[in-house]
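S.K.: could you work out the structure for the sequence below:
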Amino acid sequence: MPTKQTVIESVAKVLIIDNENRVLTLVLGEHLKYPEKSYRPDLPGGIVDPGESELSAVIREVKEECGFALDPEKVQPAYSETAYYEKENKSVTKLLYIAYVDERRVVKLSWEHSDYRWVTLEDLQAINLQPFFNNSIKYSIQHKLIRIR
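M.R.: Now for the predicted structure:
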């Protein structure tokens, strides 16, 4: 009996850091499909479309979710991990990028998010983010991938 083919998906998120070392955090709006995700802290980014690079996805998602463009030359990969979800027969690779912007940007939220804040790196570590975010931020700080300016 043939087995169902595993779904493969990538998700790319980004830490956007301004010239005062503050990170842009978002707050999800009401999530109908997964209500437990409603009003949770989030980072800009999302699912990589078929045929799209992870870097292109991050830049597209920031434009859609935050209303501003990132310079691809200032977006660097920092961390990735892959997890298999047996219930959904899905393998998901999650990537975190880091982008530095010269100044704090004006944010124009999409329908997906209800609020945003610029927070210090110290405050960011105290926010109860998804485990992937917490792991990737901790890794990035420990390995000096985030530079203090």
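S.K.: so what touches the helix or strand of the chain with the lowest mean pLDDT?
M.R.: The helix or strand of the chain with the lowest confidence, counting by mean pLDDT, DSSP states H and E, is helix 121-126 at a mean of 89. Here helix 121-126 makes contact (C-beta atoms under 8 Å, 6 or more residues apart in numbering) with I17, N21, V23, T25, N134, I137, K138, I141, I146, I148. Every residue, glycine included, has its C-beta placed from N, CA and C.
S.K.: out of those residues, name the ones that lie in helices.
M.R.: Judged by DSSP state H, these include N134, I137, K138, I141 as members of helices.
S.K.: make a markdown table from these and add neighbour count and distance to E122 to it.
M.R.: Below are the ones in helices among the contacts of helix 121-126 laid out as a markdown table (neighbours: other C-beta atoms under 10 Å; distance: C-beta to C-beta, whole Å):
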| residue | neighbour count | distance to E122 |
| --- | --- | --- |
| N134 | 14 | 14 |
| I137 | 24 | 11 |
| K138 | 12 | 13 |
| I141 | 14 | 10 |
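S.K.: tell me the one of those nearest V101?
M.R.: Using C-beta to C-beta, I137 is the member of the ones in helices among the contacts of helix 121-126 that sits closest to V101, with 17.6 Å.
S.K.: give the contact list for that closest one.
M.R.: Listed by C-beta under 8 Å, 6+ apart, the contact partners of I137 are L15, L96, L124, Q125, L129.
S.K.: next one: it from L124, what distance?
M.R.: According to C-beta to C-beta, to the nearest Å, I137 and L124 sit 6 Å apart.
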